[in-house]
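K.L.:
Give me a 3D structure for the following:
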Amino acid sequence: VTPARPRKPQDKSLVENQVKLIYNRVYAKLRKLTFFDLPSLNQAITQKVREHNQTRMQQKDYCREEKFLADEKHTLQPLPEIAFEIKYYREHKVAKNNHIYLGMDKHYYSVPYTYIGMKVKVIYTRSLVRIYHKAGLIATHPRNTKKAGYTTRKEHLCSHHQYYKERSPTYYLQRGYNHSEELYRYMEALFKQDKYPEQLYKTCDGILNLSRKTNREVFIKACCIALDYGQYSYKFLKQVLENRMTDYKEEPQVKSLPTHGNIRGASSYK
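P.N.:
Model (predicted):
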């Protein structure tokens, strides 16, 4: 194949002539036939293309297939073992929870704790996410499109190296204790979930931010409601506050006995 050069319209005639030959020698000969499935059509097209390649060219003593076998086949290289995938490039700053956020998938990927606060280059394809720092590969993950999910490698996390960088479960528990006992119990239940601590730091930051913007007594009631329901997330607490569920007071319902004749009175118990 000789592609047409840019800004060279005279090259286009060679391409158009090949298209005309294929239409004349393949599609034109099949236009009156009826095919009932795609494999049959493909087989017929393959046969006509083979006949086209084996037909002697005008003013040449060889056909296209002979030219290919003599001059081109021995120069071909084997196909790559891995299918080609388009690469996409992004730059991100590693957050304090050891992760970078890939906006395309709305997903978090872990990075070694020593790179917290640094800018990294993310190159991702359909199947893999590679993270580089100064041209050095520091992390590789299978791509995951689960929204708000985490792909984490344990050895990346600072909590497994006693290297906290100002953030740890103890830090957030202390912040909760300084606010109220209810928020402390809520934070404690939050970290008892089957998740890595770093995956919960962003949730804790959101909860503390809510506590600063909300009346203390109202926020304590919201924590109690969340504890009663066993829902440990920023989203649930925010919905409780936005829907003003803390204003709802459940009044005890007093039911009176139905009127009936089976009443003995106080004298029966003397």
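K.L.:
Then residue 139 would be within a strand, right?
P.N.:
Yes: secondary structure of residue 139 (DSSP: H, G, I helix; E, B strand; the rest coil): part of a strand.
K.L.:
who touches it in this structure?
P.N.:
109, 110, 111, 112, 130, 131, 153, 156 (CB atoms under 8 Å, 6 or more residues apart in numbering). Using the backbone N, CA and C atoms, a C-beta is placed for each residue, glycine as well.
K.L.:
which residue ranges form the strands in the chain?
P.N.:
88-93, 99-102, 107-110, 119-124, 128-133, 136-142, 150-151 (DSSP state E).
K.L.:
mind checking which of those strands is nearest residue 81?
P.N.:
Nearest to residue 81, of all the strands of the chain, is strand 128-133, at 15.0 Å by CB to CB.
K.L.:
any idea how far the closest one is from the chain center?
P.N.:
15 Å (CA atoms, centre = their mean, to the nearest Å).
K.L.:
Tell me which other helices or strands it touches.
P.N.:
If contacts are counted by 3 or more CB pairs under 8 Å, 6 or more residues apart in numbering; DSSP states H and E, strand 128-133 sits against strand 119-124, strand 136-142.
K.L.:
Go again with 10 Å.
P.N.:
Counting contacts by 3 or more CB pairs under 10 Å, 6 or more residues apart in numbering; DSSP states H and E, strand 128-133 packs against strand 88-93, strand 99-102, strand 107-110, strand 119-124, strand 136-142.
K.L.:
Pull stretch 82-96 out as CSV, backbone CA atoms only.
P.N.:
Provided in CSV are the C-alpha atoms of stretch 82-96 (Å, rounded to 0.1, in the frame of the first residue of the first chain):
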residue,chain,number,x,y,z
ILE,A,82,-0.8,-7.6,22.7
ALA,A,83,-3.6,-5.8,20.8
PHE,A,84,-3.0,-2.1,20.3
GLU,A,85,-4.8,0.2,22.7
ILE,A,86,-5.2,4.0,22.6
LYS,A,87,-3.3,5.8,25.4
TYR,A,88,-4.7,8.7,27.3
TYR,A,89,-2.6,11.1,29.3
ARG,A,90,-3.4,13.0,32.5
GLU,A,91,-1.5,14.8,35.3
HIS,A,92,-2.7,14.6,38.9
LYS,A,93,-1.5,15.4,42.4
VAL,A,94,-1.4,12.5,44.8
ALA,A,95,-3.9,13.2,47.6
LYS,A,96,-3.3,12.7,51.3
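K.L.:
Buried residues, that stretch. List them.
P.N.:
90, 92, 94, 95, 96 (16 or more other CB atoms under 10 Å).
K.L.:
Quick check: pLDDT value at residue 26.
P.N.:
At residue 26, the predicted lDDT confidence score is 94.
K.L.:
The residue nearest to it when sequence neighbours are not counted: neighbour count?
P.N.:
Counting by CB to CB, 6 or more residues apart in numbering, the nearest residue to residue 26 once its immediate chain neighbours are dropped is residue 48, at 4.3 Å. Using other CB atoms under 10 Å, residue 48 has 16 neighbouring residues.
K.L.:
out of the strands of the chain, which comes closest to residue 19?
P.N.:
strand 88-93 (33.6 Å).
K.L.:
now for the closest one, which elements pack on it?
P.N.:
Using 3+ CB pairs under 10 Å, 6+ apart, strand 88-93 is in contact with strand 99-102, strand 119-124, strand 128-133.
K.L.:
Can you check what angle separates the second one from strand 128-133?
P.N.:
So the one you mean is strand 119-124. Angular relation of strand 119-124 and strand 128-133 on a 0 to 180 degree scale: 160 degrees, by axes from the mean of the first three to the mean of the last three CA atoms, to 10 degrees.
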